[in-house]
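K.L.:
Below are the sequence and a predicted model; questions follow.
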Amino acid sequence: MPHVLVLNASYEPLGVVSMRRALILVLNNKAVSLEDSGITMHSATSAVTAPSVVRLTRFVRVPFRGPVPLTRRALFARDNGRCVYCGAAATSVDHVVPRSRGGQHRWDNVVAACRRCNHVKSDRHLSELGWRMKRPPAPPTGLAWRIIGTGHRDPRWRPYLEPYGGREQLSEIDHHVDHRTGEPDPPTVPLDRSPHGRTLHDRRGEPAQQLSA
Ligand SMILES: [Zn+2]
């Protein structure tokens, strides 16, 4: 089932929820649909067109946003699914400074790599191999990355995400329909189910439960 992009009342991208959850937000007047998915959902008494993008009717204060969680999927998106050393299709994650030599698992030390380069490089430094990278790896910035990193994507989301970073990756949306990484879907940003129902918690990269509603 496709997922739905949730925007704050200010149009900032907040997260991704299930279609059912998005419909509940709309039916409870907590959100309005900005884009239709074209998918009709049926209840006992009626049929409604499910949204693809919704905007919350009330502004949600997001108290703190840590760095974009470093997941394999987000990393492959940052590096456009290509090996940073040779440009072949990436299949693995490489630590630029090898972990065995003190390299950390951080955005500025991990890159997407093909199996061959990863194998050849092994636990050596780039300088030992005479290899270079076009640009040093860096953490992705911008709210769009919270969405890109989930791996859920829809061409209808592009205009809403492009002002918030990841332009290059978003332009790929129409081409790669992905699951290149073969990973299970990462957690979506949870919408709190407190009685007020309006607080959006950023779990700072902790595993969040997938919304079941
Ligand atoms: Zn390579």
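P.N.:
Here it is on my side, so go on.
K.L.:
In the chain, which strand is the longest?
P.N.:
strand 31-42 (DSSP state E).
K.L.:
buried ones in it?
P.N.:
Under the neighbour-count criterion of 16 or more other C-beta atoms under 10 Å, strand 31-42 has Ala31, Ser33, Leu34, Glu35, Ser37 buried. No exception for glycine: its C-beta is placed from N, CA and C like everyone else's.
K.L.:
For Pro63, what is the enclosing helix or strand?
P.N.:
Under the criterion DSSP states H and E, no helix or strand holds Pro63.
K.L.:
Count the neighbours of it for me.
P.N.:
9 (other C-beta atoms under 10 Å).
K.L.:
And His3, by the same measure?
P.N.:
24.
K.L.:
Skip the chain neighbours and tell me the closest residue to it.
P.N.:
Nearest non-adjacent residue to His3, counting by C-beta to C-beta, 6 or more residues apart in numbering: His152, 4.2 Å away.
K.L.:
try Met41
P.N.:
Ala50 (4.9 Å).
K.L.:
check contacts around that neighbour.
P.N.:
Val4, Met19, Ala22, Leu23, Asp36, Ser37, Ile39, Thr40, Met41 (C-beta atoms under 8 Å, 6 or more residues apart in numbering).
K.L.:
Give me the residues contacting the particular helix or strand that has the fourth one in it.
P.N.:
Secondary structure assigned from DSSP H and E places Leu23 in helix 19-27. Here helix 19-27 makes contact (C-beta under 8 Å, 6+ apart) with 1-4, 6, 17, 31-33, 37, 39, 41, 48, 50-51, 54, 56, 191, 211, 213.
K.L.:
That concludes my questions; thank you for your assistance.
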